[in-house]
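**Q** All I have is the shape, not the residue letters:
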Ligand SMILES: C[S@@+](CC[C@H](N)C(=O)[O-])C[C@H]1O[C@@H](n2cnc3c(N)ncnc32)[C@H](O)[C@@H]1O
């Protein structure tokens, strides 16, 4: 009988079948995931985590009350010109703040499922909506991944994620799944992860969730900013008030549970971006973190995002310091990048 050993190439098949088994319910039709390594003998990434596409509620974090979920009463597919679609109305509140050029937008997706402006959150239709899940244009991430990817061992950055087909600009790549934990818990865990130099935590600190930014809207946009601030305050008053008072922000930790997106490495000029997508969790502070391409990506290119968040300064009306979110692995990524630089490539 063959002895069990970490270099056994059959382990790769077992790892892949675990991925398949654990995602059968969530993404039965999802594109393929493969693994390859020409750097050393490791057949697959370390088996230190449970594979899941879901966001799991960690210690001290409650799932919001689903009965408070706001849905639309549309029949068939939702329309970007509807006068009564509640999801469209919620989405528009954000675009209105951006200025007149957003007036025509409607949803944050076009008919091909591409995100229109990744600096704004997406409010997808949800379980409470009357629209058809198969045809509604506002349910892109719920329909799952469409592009093949490969997890590949890189010479300097550990494992990374690569495109295995061309991916058009602004397309959905996958959800950053893991445990949803409080900020306090994330600080405790950071100390531990920093000791071995790999961190898989992503803080939900989107610009529209920050109190300071909200006050800024108020000043910058007068009545529109005031009504937007009120809208966000109202969203905050949804289920779990005391929980949010105690924990103004949450973190997704993909160390113990996560999917292939936990292997996405940092780049200062990334080809992907994280977009906050609100679906079946009623509380505005707990969006899904969805990875979309920021530009067209060619087959075999490494997929990366910025661990520092994306600067929204390109849109001057949004101010000067607001970021879309940040990954706690940025310190290690920086330190390792510096070591690589000093050692030479
Ligand atoms: C979310 S993990 C990414 C997957 C990781 N490469 C692995 O093998 O598990 C984040 C860690 O990857 C490494 N990393 C990410 N981007 C990097 C970069 N640009 N240069 C060097 N190391 C990087 C750092 O160790 C960081 O803490």
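**A** Right, received. Where do you want to start? None of the values given here were measured: they were computed from a predicted structure.
**Q** Within the helices and strands, which one has residue 28?
**A** Per DSSP states H and E: residue 28 is located in neither a helix nor a strand.
**Q** What's the local residue count around the closest residue to residue 52 other than its chain neighbours?
**A** Spatially, and ignoring its direct neighbours in sequence, residue 52 is nearest to residue 257 (5.1 Å; Cβ to Cβ, 6 or more residues apart in numbering). (C-beta placed from N, C-alpha, C; glycine too.) Number of residues near residue 257 (other Cβ atoms under 10 Å) recorded here: 21.
**Q** Then residue 286?
**A** With other Cβ under 10 Å as criterion, residue 286 counts 22.
**Q** for residue 75, same thing?
**A** 9.
**Q** Equivalent analysis for residue 111, please.
**A** 9.
**Q** Next, work out how far apart it and residue 88 are.
**A** Distance check for residue 111 against residue 88: by Cβ to Cβ, to the nearest Å, it reads 15 Å.
**Q** cool, and residue 224?
**A** On the measure of Cβ to Cβ, residue 224 and residue 88 end up 18 Å apart.
**Q** same deal with residue 133?
**A** 17 Å.
**Q** Also residue 81?
**A** Distance, residue 81 to residue 88, using Cβ to Cβ: 9 Å.
**Q** Find the residues that touch each one of the two.
**A** Common neighbours of residue 81 and residue 88, using Cβ atoms under 8 Å, 6 or more residues apart in numbering, are residue 106.
**Q** re the thing from before, who's more crowded, residue 133 and residue 88?
**A** A direct count of neighbours by other Cβ under 10 Å for residue 133 and residue 88 places residue 88 higher, at 22 against 13.
**Q** Give me the secondary structure label for that one.
**A** Under DSSP: H, G, I helix; E, B strand; the rest coil, the three-state class of residue 88 is helix.
**Q** show me what contacts it?
**A** Contact analysis of residue 88 by Cβ under 8 Å, 6+ apart lists 72, 78-80, 82, 106-107, 138.
**Q** Distance of it relative to the ligand?
**A** Noted for residue 88: a distance of 35 Å to the ligand, by Cβ to the nearest ligand atom, to the nearest Å.
**Q** Model confidence score at residue 149, please.
**A** Note on residue 149: pLDDT of 97.
**Q** same question, residue 187
**A** pLDDT at residue 187 comes out at 88.
**Q** residues near it, how many?
**A** 12.
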